[in-house]
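1. Just the structure for this:
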Amino acid sequence: MTHSALVVGATGIVGQATARLLVEADWSVLGLSRSPLVQAGVTRVTANLHDAAALAGVLADARPSRVFITTWARQDTEVENIRVNSAMVRNLLDALRPGGSVRHVALVTGLKHYLGPFESYGQGVLPQTPFREDQGRLEIDNFYYAQEDEVFAAAARDGFTWSVHRPHTVIGYAVGNAMNMGQTLAVYASLCRETGRPFRFPGSSAQWNGLTDMTAADLLARHLLWASTTPAAANQAFNVVNGDVFRWNWMWGRIADWFGLEPAPFDGQIIPLEQQMAGDAKRWASLADRHGLIERDITRLASPWHTDADLGRPVEVIADMTRSRRLGFAAYQPTEDAFIALFERLREHRLIPGDIG
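-> This is a model prediction of the structure:
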């Protein structure tokens, strides 16, 4: 019997990687998004998760056995994040309920489960690293918790199993994504090479000197598929990281080397990318014209605010993967290789200049 899936947020970093993996595994795949989706083997479903009535109509004939929720909508405050993003999950699962086909729902959140939301990011009393899944929720508003609660309530009511997936910063390909460190650094490095500006680490000493890890989108997709088809993984939350650790004082030089740059010395001062790249929209458009790139709008490739949040953290962040390892998930992805694979893909698709590497 062919497995069927609904990937929610199919144009995002995680959604694209998940849909591609499912197609390769010969699944029947619906890809839901608000923006146009062109991906081989994926049937496009255009819908707005905020509109419950319209969503129910669009999904009336959908019969997925697995649902992968890989999207969220950023709001101005965490109170609004909770209201909007919990409603999106609730509307989705309510729309699918009449079909009675759903056997498993996988929800992608992240390490802000342990660190707190953006407006109080890395503040207060945080769990000890490495973060472990059995560490409780912070006593603070967090839309990740609200999303989880919607999934848990629907699962108890409708009889499906669930999994929650908590990646660290995700490395992957997606144009127009709001949280995209890999592409942001690629754009920043390309501008530094083009203009002669120093390629300077924008973040904190804690991140420069401390250990960290990241998550490749392709590895996260494999984890989503594994959890949705492995009975022992049902009804559990998982950290999902590549399996290696590194310090940015090493990785920054590796990225610089790929772009043919010398990394600037780091003096411990935080100079955010939002500040460094504040006037780069016209520069990027000009660079794109000179190199024949297909995207002139820098905001569709780079998200400096999100990269600053990660690289500016005052604490070391590492996630433990023991729960997944004990249950048999053994995939591993060197983070440097994930960055390089992304940079090569961006160059291949003419999203960054090709005369580098």
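
2. Any regions of the stretch 251-357 of the chain where pLDDT drops low?
-> For the stretch 251-357 of the chain, applying pLDDT under 70 flags the ranges 355-357.

3. in whichever strand or helix holds residue 252, what's buried?
-> Per DSSP states H and E: residue 252 is located in helix 248-258. By 16 or more other C-beta atoms under 10 Å, the buried positions in helix 248-258 come out as 248, 251-252, 255-256, 258. C-beta here means a position set from N, CA and C on the backbone, and glycine is covered the same way.

4. can you check stretch 26-44 too?
-> 27-33, 37, 39, 42.

5. coming back round to it: distance to residue 222 for the buried residues of helix 248-258 - can I get that in TSV?
-> What follows is the buried residues of helix 248-258, written out as TSV (distance: C-beta to C-beta, whole Å):
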residue	distance to residue 222
248	26
251	23
252	27
255	24
256	29
258	25
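
6. on that earlier part again, is it possible to export the buried residues of stretch 26-44 to JSON lines including distance to residue 174 and pLDDT?
-> As requested, the buried residues of stretch 26-44 are arranged in JSON lines below (distance: C-beta to C-beta, whole Å; pLDDT from 0 to 100):
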{"residue": "27", "distance to residue 174": "20", "pLDDT": "97"}
{"residue": "28", "distance to residue 174": "23", "pLDDT": "96"}
{"residue": "29", "distance to residue 174": "17", "pLDDT": "96"}
{"residue": "30", "distance to residue 174": "18", "pLDDT": "96"}
{"residue": "31", "distance to residue 174": "13", "pLDDT": "95"}
{"residue": "32", "distance to residue 174": "15", "pLDDT": "94"}
{"residue": "33", "distance to residue 174": "11", "pLDDT": "88"}
{"residue": "37", "distance to residue 174": "11", "pLDDT": "64"}
{"residue": "39", "distance to residue 174": "11", "pLDDT": "83"}
{"residue": "42", "distance to residue 174": "14", "pLDDT": "93"}
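
7. Identify all contacting residues around the helix or strand immediately after the helix holding residue 252 in the chain.
-> Toward the C-terminus, helix 248-258 is succeeded by helix 273-276 as the next helix or strand (DSSP H and E). Helix 273-276 has contacts (C-beta atoms under 8 Å, 6 or more residues apart in numbering) with 184, 188, 197, 200, 202, 304-305, 307-308, 311.

8. Pull out the buried members of these.
-> Buried residues within the contacts of helix 273-276, counting neighbours by 16+ other C-beta under 10 Å: 184, 188, 197, 200, 202, 304, 307-308, 311.

9. How about residue 131: what's its closest non-neighbour residue?
-> residue 114 (4.5 Å; C-beta to C-beta, 6 or more residues apart in numbering).

10. if we can go back for a sec, looking at the buried residues of helix 248-258, which one is closest to residue 177?
-> Checking the buried residues of helix 248-258 against residue 177 by C-beta to C-beta gives residue 255 as the nearest, at 19.0 Å.

11. that older thread, select from the contacts of helix 273-276 every entry located in strands.
-> Nothing among those maps onto strands, per DSSP state E.

12. Make a markdown table out of the residues you listed and add distance to residue 75.
-> Below are the contacts of helix 273-276 laid out as a markdown table (distance: C-beta to C-beta, whole Å):
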| residue | distance to residue 75 |
| --- | --- |
| 184 | 21 |
| 188 | 26 |
| 197 | 33 |
| 200 | 31 |
| 202 | 25 |
| 304 | 19 |
| 305 | 14 |
| 307 | 20 |
| 308 | 19 |
| 311 | 23 |
